[in-house]
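Q: Output the structure for:
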Amino acid sequence: MRTNKEIIGPLAKANKLSDIPDFNDATNLGSGKEMVVKWYRKAAEQGHATAQCNLGVSYSHGIGVPENDTGAYAWFSVAATSGNEKYRDARDLTKRNLTPTQVERGQALARDIFERIRKQKE
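A: From the prediction side, this is the model:
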């Protein structure tokens, strides 16, 4: 069976993560990977689906955040509501590697994220 990283990797490239400057060159990124994730999070929590998916990829691969498949599933779930089929596929592929408890936690986290986005738009 293919690992989550092998499955999600092409999605990372499709969402232009590969266009980001070298994460190891902090002179271009401030504090590196964490800075990129900070800006993805700001955009994602304003409802930007691509940033939401990029956060899912970040959690899936441990880029700038600790690797966390439950967190990846939550962000992919939020991004999937945009109607983008690739985001739904990423969510579904990630879900395959989770236990039922992790899926429940991911769904609860996604609900919390939706609530934060809703409140921010009010």
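
Q: residues making contact with the lengthiest helix in the chain?
A: Secondary structure of the chain read by DSSP state H shows that its longest helix is helix 100-121. Applying Cβ atoms under 8 Å, 6 or more residues apart in numbering, the contact partners of helix 100-121 are 44-47, 69-71, 73-75, 77-78, 81, 95, 98. Where you see a C-beta, it was placed from the backbone N, CA and C, and this is true even at glycine.

Q: ok, now how distant is the residue nearest to residue 46 when sequence neighbours are not counted from residue 61?
A: Using Cβ to Cβ, 6 or more residues apart in numbering and skipping residues adjacent in sequence, the residue nearest residue 46 is residue 120, 6.5 Å away. The span separating residue 120 from residue 61 equals 27 Å under the rule Cβ to Cβ, to the nearest Å.

Q: Next: residue 50.
A: Residue 50 sits 16 Å away from residue 61, taking Cβ to Cβ as the criterion.

Q: just residue 97 next, same as before
A: Look at residue 97 and residue 61: by Cβ to Cβ, they are 13 Å apart.
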